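**Q** compute the structure for the input listed below.
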Amino acid sequence: MEPKDKVTVELSDEMKGQFEEMGKSVNLIKEDSLNAVESVKEEIKTQLNTHKEQIDKMEEQMNLIHVQGADSKKADPKAGFKNHIEFFNAVIQAGMPGNDMRPDKMPENLRPLFNAVGSDEARQSSNPDGGFLVPPAFLAGLMTTDPQALQIDTGALTRKVPMDADTIYLNARVDKDHSDSVSGGFRVYRREETGTVTASSASYEQIKLQANSLMGLSYASEEILSRSPVSYASLIQSGFADEKISKLNYERIWGTGVGEFTGIINSAALISVAKESNQTADTITATNILAMRARAWRYGGCVWMANHDCLTQLMAAYIAVGTAGGVPIFMPGNGTDKPDTLLGRPIIFDENMGTLGDLGDIACVNWNEYLEGNLGGASFEESIHVRFVYNERAFRFVVYNDGQPWWRSALTPKKSTVTLSPFVSLAARA
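**A** Numbering: from 1, shown residues only. Next up is the predicted model:
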């Protein structure tokens, strides 16, 4: 295929002049841009040199100070400070305007800690990012024992009742005597074709829950609140929370019902299993445990509660089998997901239970039959006004609640005079 004929375009003098002017403008723009870039590069280079000189001067000042930080800390783990408050005040003072974290303006016992700082990626070389090392004698935090190591929150096992007023009433059927009726009085009969039956009705009762206040109060000086290395307000709040759990655990067992929970030991439905004849004082036998198991209502929902000093008695108890030995009633758990068990049900060792030999040292409890109402939630508030003239702040913890067993008596089965209850304890063995 042959190429097409070329077409020659003739530009006018005017158009040629316009193209020449455009070319000159483009060249000028390119030249200006290159000059601007070179100017910025020179400015950046100047700033870098200035910063380098400042850094070199700071390093020279640092090198003027020769302190053996490690030897100093070995001689005195507190680095010469009386306490952590004095240490933190020195750090604050070193960062005040005019001092600017300059080593030559720091207290002598603060300089070794500054010089001992490293320069890793955690930015310990920069004071605003945590450059100062806390003296090892003043580590932040608070060592405590876990209250739930000796007791669990039994409130997690009770039946919760919402309260929207200070006092509420719950209707309940009186159905604890099954000798004639299991429904509180209703009866059904077989009848002849033209006959009738006797009318029946049930009896009812009301259960009253009245919220009472549980309160904690603490004061703390503004000095300790502002200078403590840990949040002192948080320590107060967590302390009240721990104490609330412990207090309610105790009341669920021993409460009198007057301005506080009614405990299972003071319940009208409590069954107290008598000791064996001639049983040695301060002992627990397998026969005791079997007798308690026989009186427990809905044993499949029960847990055993016992004081820690009952452990050795329970581990030594067994059901005799002939003359060859016996079957242990206590099975230890693994300390994690498998709990200790007694006759197949979990056992909780709780410091609130009675001491060995006393009433309440061991009990079999179905906590689902224990009602617990809460009016609102727990509140934790603070005020600067209560002790303003003492420069102290007040912290207040308040919760409103009530709790009690809803059974008013033990249950009498249809064909037995041996009663049953969700709350069974072993009588004292003095």
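
**Q** tell me where the protein has helices.
**A** 13-64, 69-75, 84-94, 111-115, 222-227, 232-254, 286-295, 311-316 (DSSP state H).

**Q** pLDDT-wise, which helix or strand of the chain ranks last?
**A** helix 69-75 (a mean of 45; mean pLDDT, DSSP states H and E).

**Q** how much space separates the residue most central in space within the chain from Thr154?
**A** Relative to the mean C-alpha position of the chain, the nearest C-alpha, by C-alpha atoms, centre = their mean, is the one of Ser238, at 7.7 Å. According to C-beta to C-beta, to the nearest Å, Ser238 and Thr154 sit 20 Å apart. C-beta here means a position set from N, CA and C on the backbone, and glycine is covered the same way.

**Q** now swap in Asp177 and tell me
**A** 29 Å.

**Q** compare the two (neighbour count), which wins?
**A** Thr154 (23 against 18; other C-beta atoms under 10 Å).

**Q** for the stretch 201-350 of the chain, which spans come out with low pLDDT?
**A** For the stretch 201-350 of the chain, the stretches flagged by pLDDT under 70 are 229-230.

**Q** in it, which spans are strands?
**A** 204-210, 212-221, 271-273, 303-306, 318-321, 325-328, 330-331, 341-342, 345-349 (DSSP state E, counting those that start in this stretch).

**Q** can you tell which of these is closest to Thr287?
**A** strand 318-321 (8.8 Å; C-beta to C-beta).

**Q** the closest one: how far from the chain's middle?
**A** Centroid separation between strand 318-321 and its chain, computed with C-alpha atoms, centre = their mean, to the nearest Å, is 42 Å.

**Q** do the same with stretch 341-351
**A** 24 Å.

**Q** what does it contact?
**A** Around stretch 341-351, the neighbours that count as contacts under C-beta atoms under 8 Å, 6 or more residues apart in numbering are 150-152, 154, 249, 253, 289-290, 293, 299-300, 302-308, 310-311, 314, 329-331, 333, 339-340, 364.

**Q** next one: stretch 190-201
**A** By C-beta under 8 Å, 6+ apart, stretch 190-201 touches 181, 185-189.

**Q** which of the residues in that stretch are buried?
**A** By 16 or more other C-beta atoms under 10 Å, stretch 190-201 has no buried positions at all.

**Q** what stretches of the stretch 51-200 of the chain score poorly on pLDDT?
**A** Those would be 51, 55-79, 82-89, 91-92, 95-101, 112-150, if you go by pLDDT under 70 across the stretch 51-200 of the chain.

**Q** swap the cut-off to 90 and go again
**A** 51-153, 193-194 (pLDDT under 90).

**Q** how is this protein divided into domains?
**A** Split into domains by automatic domain parsing, the chain comes to 84-138, 146-167+214-430.
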